[in-house]
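Peer 1: Sequence first, then the predicted structure, then my questions.
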Amino acid sequence: MGFLTYLINGLSLGSIYAIIALGYTMVYGIAKMLNFAHGDVIMIGSYAVFMTMANSGLPAVVSIIIAIVICTALGVIIEKIAYKPLRKATNLAVLITAIGVSYFLQNMALLIFGSNPIVFKSVINWKGITVAGLTISGITIITIVTCIIIMLVLTWFVKNTKPGQAMRAVSEDKDAASLMGINVNATISLTFAIGSGLAAIAGALYCSAYPTLTPYTGSMPGIKAFTAAVFGGIGSIPGALIGGLLLGVIEILGKAYISSQLSDAIVFIVLIIVLLVKPAGILGKTIHEKV
Amino acid sequence: MAMLEVKDLVVNYGVIQALKGISFEVEEGEIIALIGANGAGKTTTLQTISGMLSPKSGSVLLEGTDITKVPGHKIVTMGLAHVPEGRRVFAQLTVLENLKMGAYTRSDKAEIAKTLETVFTSFPRLKERQNQLAGTLSGGEQQMLAMGRALMSKPRIILMDEPSMGLSPIFVEEIFNIIKSVSATGTTVLLVEQNAKKALAIASRAYVLETGNIVLSGDARELMDDPSIKKAYLGE
């Protein structure tokens, strides 16, 4: 395999990280909290796809839509039950709750689906294309294209729609947003809904590329995507894209050229270096307090 | 019927009683000044009226309707706008986006465009800087933006919290002129100010708050001549 193949695979993996990172970054931007359960929503989404597609024989598109609906509802419910009562609590209390929710989801999945790994059937049947001797698989292409579409739609949504504007206002100043007539709680719910719906898509893509599904499947891509969000500048949508892509490329190139055991370590070393040089992340906003 | 009526309002901050049962009225078209020292409860009063805080007891009536339990984001639609302390403009949004945010609850685009024109006429500086990020404006310009943003909801009553705080004398003068012109268009104004002299000069009536109680109220001109006011708030 040549460098170009690695690069494309890296971009594809990075696209998945970017889609997951959006969930972290949007929720952080709006609710100023780290939703550590986000990775496990991916896992639930993957099981939903598996149950409806491989088990019940529904077409891939339909089962992904069902998974999106389930994850969206799950995200909104998690926010309502676990996080909303803590709106005025300390950050630490919210963080611990998020970790609790994460374990809850993993153990619930363990109870329902058992611990045996499931071989995930890819949602994409397309073999892909071959250009000048270079074969790119269908899932790789679909993943990258999906990521691009999601980024474009989301950027447009945030910039040009009323709920999107409300999200920007709430992320800057909840009280001032409320004074404008924005329903802050509804806006936070919407953000969780979008992030969790995207997690379902990410789950389907991730498990199609790496087809082993267990109740713990969500945690590693979850942590890496969180890293990507911090990497790109947490709270920033383009930051999630850049962070995700860079992380994916570094991981794959690290695996290919340095060591497949050390590739995760390399990813985190790069993160540490970036944060030392630019603590707010690549596109992070340095907050200037103006009096 | 009063534009705004506050009855026996008690507000607690944890164990501290910030408001100890205050009552006052604002009639339509008036400029009412609420003056007092730091920590007297002025900001708490405004925040409770606009729904940012909920009172322990007492009630707030807007044009006769009890709004005490109405969520903050719905009060705006009832014709009350609040320019918060410290301006609180959306720094990462442009001036124009900030203004449009002020019209968030309105849907008629043509009407919004009309209001925007009026705001730009009152604040020509905002028009010049409409595409600039709000965070890059000077303090005085941010105050103008906060006021313009509040006016975008076409309020019948506007609450202003310390609009002159931290501004240079030229801007202070300009801000008070703007408050006068807002009032001249028929909008009722409830003004909280540390600059008691200026506030009393443009207000018709005033209330003096001291540690959560209203200790004095009356005609603004008369209060200006009150020896205790002169000593405590006017530095004479």
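Peer 2: Ah, there it is. Numbers count the residues shown, from 1 in each chain, chains lettered A, B, ... in the order given.
Peer 1: How is the most centrally placed residue in chain B assigned, secondary-structure-wise?
Peer 2: Central residue of chain B (Cα atoms, centre = their mean): B:Met160, 1.5 Å from the mean position. Taking DSSP: H, G, I helix; E, B strand; the rest coil as the rule, one finds B:Met160 in the strand state.
Peer 1: what's around the spatially closest residue to it that is not a sequence neighbour, how many residues?
Peer 2: Of all residues beyond its chain neighbours, the one nearest B:Met160 is B:Val83 (4.6 Å), with distances taken as Cβ to Cβ, 6 or more residues apart in numbering or on different chains. All C-beta spots, glycine's among them, are computed from the backbone N, C-alpha and C. By other Cβ atoms under 10 Å in any protein chain shown, the residues close to B:Val83 number 27.
Peer 1: ok, B:Val83 to A:Ala82 distance?
Peer 2: 35 Å (Cβ to Cβ, to the nearest Å).
Peer 1: can you check A:Ala209 too?
Peer 2: 30 Å.
Peer 1: Equivalent analysis for A:Gly181, please.
Peer 2: Distance from A:Gly181 to A:Ala82, by Cβ to Cβ: 27 Å.
Peer 1: now swap in A:Val277 and tell me
Peer 2: 35 Å.
Peer 1: A:Glu172 now?
Peer 2: Applying Cβ to Cβ to A:Glu172 and A:Ala82 gives a distance of 24 Å.
Peer 1: More neighbours: the two, which one.
Peer 2: A:Glu172 (20 against 17).
Peer 1: Tell me who's in contact with the more buried one.
Peer 2: Residues near A:Glu172 by Cβ atoms under 8 Å, 6 or more residues apart in numbering or on different chains: B:Phe90, B:Ala91, B:Gln92, B:Leu93.
Peer 1: Assumed the second one was part of a helix.
Peer 2: No - when the secondary structure is assigned by three-state DSSP, B:Ala91 falls in coil instead of a helix.
Peer 1: Buried residues of stretch A:183-192, list them for me.
Peer 2: A:Asn183, A:Val184, A:Asn185, A:Thr187, A:Ile188, A:Ser189, A:Leu190, A:Thr191, A:Phe192 (16 or more other Cβ atoms under 10 Å in any protein chain shown).
Peer 1: likewise stretch B:54-69?
Peer 2: B:Pro55, B:Gly58, B:Val60, B:Leu61, B:Leu62, B:Glu63, B:Ile67, B:Thr68.
Peer 1: can I get the CA coordinates of that stretch in PDB?
Peer 2: Output of stretch B:54-69 as PDB, limited to C-alpha atoms (Å, rounded to 0.1, in the frame of the first residue of the first chain):
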ATOM      1  CA  SER B  54     -37.500  33.900  40.500                       C
ATOM      2  CA  PRO B  55     -38.700  35.600  43.700                       C
ATOM      3  CA  LYS B  56     -39.500  33.800  46.900                       C
ATOM      4  CA  SER B  57     -42.700  35.700  47.200                       C
ATOM      5  CA  GLY B  58     -44.400  38.800  45.800                       C
ATOM      6  CA  SER B  59     -45.500  39.400  42.200                       C
ATOM      7  CA  VAL B  60     -44.700  41.300  39.100                       C
ATOM      8  CA  LEU B  61     -47.500  42.600  36.900                       C
ATOM      9  CA  LEU B  62     -47.000  43.800  33.300                       C
ATOM     10  CA  GLU B  63     -49.900  45.800  32.100                       C
ATOM     11  CA  GLY B  64     -52.100  44.000  34.600                       C
ATOM     12  CA  THR B  65     -50.900  40.500  33.700                       C
ATOM     13  CA  ASP B  66     -49.100  38.500  36.400                       C
ATOM     14  CA  ILE B  67     -45.700  37.600  34.900                       C
ATOM     15  CA  THR B  68     -44.100  36.300  38.100                       C
ATOM     16  CA  LYS B  69     -44.100  32.700  36.900                       C
END
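Peer 1: what about B:Thr5, which helix or strand?
Peer 2: Quick fix: residue B:5 is Glu, not Thr. Assessed by DSSP states H and E, B:Glu5 sits inside strand B:4-13.
Peer 1: Give the rounded mean pLDDT of that strand.
Peer 2: The average of the pLDDT scores along strand B:4-13 is 95.
Peer 1: Parallel or antiparallel, list what pairs with that strand.
Peer 2: Sheet neighbours of strand B:4-13, with direction, are listed as strand B:16-26 (antiparallel), strand B:57-62 (antiparallel) (DSSP bridges).
Peer 1: As a markdown table, the ones you listed with mean pLDDT and distance to A:Val145 would be great.
Peer 2: Putting the strands paired with strand B:4-13 into a markdown table (pLDDT from 0 to 100; distance: least, Cβ to Cβ, whole Å) gives the following:
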| stretch | mean pLDDT | distance to A:Val145 |
| --- | --- | --- |
| strand B:16-26 | 95 | 56 |
| strand B:57-62 | 96 | 52 |
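Peer 1: Break down chain B into its helices, ranges please.
Peer 2: With DSSP state H applied, chain B shows helices at B:42-49, B:72-75, B:95-102, B:109-122, B:124-128, B:139-151, B:169-184, B:196-202, B:220-225, B:227-233, listed in chain order.
Peer 1: Let's see the shortest one as PDB, backbone CA atoms only.
Peer 2: Extracted C-alpha coordinates of helix B:72-75, given in PDB (Å, rounded to 0.1, in the frame of the first residue of the first chain):
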ATOM      1  CA  GLY B  72     -37.800  34.700  31.000                       C
ATOM      2  CA  HIS B  73     -37.800  34.000  27.300                       C
ATOM      3  CA  LYS B  74     -41.500  34.500  27.100                       C
ATOM      4  CA  ILE B  75     -41.600  37.800  28.800                       C
END
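Peer 1: Wondering if that helix reaches chain A at all.
Peer 2: Yes - using Cβ under 8 Å from any Cβ of the partner chain, helix B:72-75 reaches chain A at B:Gly72, B:His73, B:Lys74.
Peer 1: and the residues you listed as CSV, adding neighbour count and pLDDT?
Peer 2: Below are the residues of helix B:72-75 next to chain A laid out as CSV (neighbours: other Cβ atoms under 10 Å in any protein chain shown; pLDDT from 0 to 100):
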residue, neighbour count, pLDDT
B:Gly72, 22, 95
B:His73, 22, 96
B:Lys74, 14, 96
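Peer 1: Just name the closest of the residues you listed to B:Leu167, please.
Peer 2: Nearest to B:Leu167 out of the residues of helix B:72-75 next to chain A is B:Gly72 (Cβ to Cβ; 26.5 Å).
Peer 1: Contacts only, for the closest one.
Peer 2: With Cβ under 8 Å, 6+ apart, B:Gly72 has these contacts: A:Ser178, A:Leu179, B:Ser50, B:Gly51, B:Met52.
Peer 1: So what's the residue count around the first one?
Peer 2: The number of residues packed near A:Ser178 is 25, by other Cβ under 10 Å.
Peer 1: same thing with the second one?
Peer 2: Taking other Cβ under 10 Å as the neighbour definition, A:Leu179 ends up with a count of 32.
Peer 1: hey, what's the residue lying closest to it once chain neighbours are set aside bridged with?
Peer 2: In this structure, A:Leu179 finds its nearest non-sequential neighbour in B:His82, 5.1 Å apart by Cβ to Cβ, 6+ apart. Here B:His82 sits in beta bridges with B:Leu159, going by DSSP bridges.
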